[in-house]
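Peer 1: Fold the following.
(one chain, ligands or ions: 1)
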Amino acid sequence: MAIHGLGGLGHLGLQFAIKLGFETAVLSRGKEKEALARKLGAHHFIDTNTADAAKELMNLGGAKVILCTAPNGKAISELVSGLSRDGQMIIVTYINEMMQFSPANLMRGSRSISGWVGGDPEDALRFSVLTGVRPMVEVFPLEQAALAYEKMMSGKVHFRAVLKMGGR
Ligand SMILES: NC(=O)c1ccc[n+]([C@@H]2O[C@H](COP(=O)([O-])OP(=O)(O)OC[C@H]3O[C@@H](n4cnc5c(N)ncnc54)[C@H](OP(=O)(O)O)[C@@H]3O)[C@@H](O)[C@H]2O)c1
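Peer 2: Modelled structure (predicted):
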């Protein structure tokens with residue numbers, strides 16, 4: 001299994017994949033993300049800044065599932081070739097841009113692409129409690145709500161901003 005993007009969704013997707021027993025590769029950028037991926041249990045890390053991620057996935061035997069959380073249509077398009085036979089690409093990132101896929105590329109390996117949007121979180125929460133999966137959040141006092149919002153909007157928060165009300 002491969003997780004594309006190691007942010008809010010990716011760091012949870014990675015933990016779920018590990019707890020479910022998948023051999024898991026993270027496709028992300030830079031040493032900091034590699035350290036986090038390894039800390040959360042990733043078996044492989046592919047730096048998308050320096051490597052051809054699809055080729056590296058094929059070197060590992062191809063991904064049965066690629067969970068796409070990184071909001072970059074071009075990068076996602078290029079990953080299709082990293083799917084194994086019958087591999088599935090599941091797009092959970094929200095991007096409003098056109099993507100290019102070769103139908104022949106899909107056909108040749110009986111590969112498929114689908115999208116998914118979260119619904120009832122009960123199963124995920126129960127699974128997290130049972131297995132110890134936890135989100136990484138930054139806690140801000142309520143007085144710093146503006147800073148928390150700014151960090152969230154600029155994608156700098158790790159990985160969700162939580163506001164804490166003093167004394168409650
Ligand atoms: N389907 C659903 O139910 C659902 C639920 C919540 C959110 N979403 C959507 O999912 C997307 C991700 O949300 P999030 O909270 O995970 O966002 P996030 O915390 O900003 O994480 C996105 C990650 O993607 C990485 N990334 C961007 N371009 C990349 C590339 N070319 N190669 C590798 N990594 C790349 C970023 O890494 P860098 O740090 O290196 O930039 C960042 O860590 C958003 O579009 C959001 O709207 C969907």
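Peer 1: Could you list the domains of this structure?
Peer 2: 2-126, 137-164 (automatic domain parsing).
Peer 1: what mean pLDDT does the first one have?
Peer 2: Regarding domain 2-126, the rounded mean pLDDT is 96.
Peer 1: Can you give me the first-to-last residue distance of that domain?
Peer 2: Taking CA to CA, to the nearest Å as the measure, domain 2-126 stretches 23 Å from start to finish.
Peer 1: What of stretch 44-56?
Peer 2: 10 Å.
Peer 1: Check which residues of that stretch are buried.
Peer 2: Going by neighbour count (16 or more other CB atoms under 10 Å), the buried part of stretch 44-56 is 44-48, 53-54, 56. Every C-beta, even on glycine, is put in place using the N, C-alpha and C of the backbone.
Peer 1: now stretch 29-48
Peer 2: Buried, per 16+ other CB under 10 Å, within stretch 29-48: 29, 33-34, 36-37, 40, 42, 44-48.
Peer 1: Give me the subset of those lying in helices.
Peer 2: Within these, residues falling in helices by DSSP state H are 33-34, 36-37.
Peer 1: Which single one of these is nearest to the ligand?
Peer 2: Lys33 (6.2 Å; CB to the nearest ligand atom).
Peer 1: Tell me if I'm right that the closest one and Val26 touch.
Peer 2: Yes: taking contacts as CB atoms under 8 Å, Lys33 lies within contact range of Val26: 7.4 Å.
Peer 1: so what's in contact with the two at the same time?
Peer 2: 6, 45 (CB atoms under 8 Å, 6 or more residues apart in numbering).
Peer 1: Most widely separated two among the ones in helices among the buried residues of stretch 29-48?
Peer 2: Distances among these were taken as CB to CB; the most separated pair is Glu34 and Leu36, at 7.4 Å.
Peer 1: the helices in the chain, which residues?
Peer 2: Under DSSP H, the chain gives helices at 8-19, 31-39, 53-59, 73-79, 103-108, 122-131, 145-153.
Peer 1: Could you export the ones you listed as a markdown table, including distance to Ser114?
Peer 2: Shown next, in a markdown table, are the helices of the chain (distance: least, CB to CB, whole Å):
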| stretch | distance to Ser114 |
| --- | --- |
| helix 8-19 | 15 |
| helix 31-39 | 24 |
| helix 53-59 | 18 |
| helix 73-79 | 12 |
| helix 103-108 | 12 |
| helix 122-131 | 18 |
| helix 145-153 | 28 |
